[in-house]
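K.L.:
Need coordinates for the following:
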Amino acid sequence: MKITTLDAYDRYKHFTSQSFDISECCQNLIDQRPFGENSFYIFAHTRTDDDYVTKRLIWQPRLTKPKAQTNSMLFKWVHGTDNIRICWLIPAREMWNQYKKGNVTGHDITVWSIDQFENHRKSLESPEPDDLSDLQIDQIYRDVSNEARRKKRQEAAKLKILG
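P.N.:
As a prediction, this is how the structure comes out:
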């Protein structure tokens, strides 16, 4: 296969534009305070676009722990701290051998996450002691919904005044 200099450069630019900083992505979500001052999970998982080739990494704030899945990461930000706790780092199944101990790319948390996913998934997915109650979560969701409706009404009123 022959690759021209321009093709190589285009591939290089595409590859380097995909890089991201996990801590920066987490911090961006924390700064948005999607649930006020409440602790929350940050669930990062991939999705394939409609072209069936391009993959995107979705960063989703959540009040409850999602089901564990391959090719995902879960973190928890605890209100009142600068801590972001790693709950799991589960790569795509075809990549698991690369993270084994002794490999250059070996990673203890990833090895632990894979083991938990394969052998103790219920434990991995179970709520943590400091998680909010269902009643508290419902109230937060109601508050977020009411705030979104209020902002929508304000925007509609502004457009009516300007129009």
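K.L.:
can you list the domains in the protein?
P.N.:
Structurally, the chain divides into domains by automatic domain parsing as follows: 22-131, 133-163.
K.L.:
Would you mark the buried spots in the last one?
P.N.:
Within domain 133-163, the residues that qualify as buried by neighbour count (16 or more other CB atoms under 10 Å) are Ile137, Ile140. No exception for glycine: its C-beta is placed from N, CA and C like everyone else's.
K.L.:
Could you give the number of residues near Lys76?
P.N.:
Lys76 has 20 neighbours, counted by other CB atoms under 10 Å.
K.L.:
Run through the residues that contact it.
P.N.:
Lys76 is in contact with Ser39, Phe40, Tyr41, Ile42, Ile84, Arg85, Cys87, Glu128, counting by CB atoms under 8 Å, 6 or more residues apart in numbering.
K.L.:
Can you say which of the residues you listed are buried?
P.N.:
Ser39, Phe40, Tyr41, Ile42, Ile84, Cys87.
K.L.:
okay, these in TSV with secondary structure, pLDDT and distance to Asp21 next?
P.N.:
Listed next are these as TSV, based on DSSP: H, G, I helix; E, B strand; the rest coil; pLDDT from 0 to 100; distance: CB to CB, whole Å:
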residue	secondary structure	pLDDT	distance to Asp21
Ser39	coil	94	22
Phe40	strand	96	20
Tyr41	strand	97	19
Ile42	strand	97	13
Ile84	strand	92	12
Cys87	strand	96	19
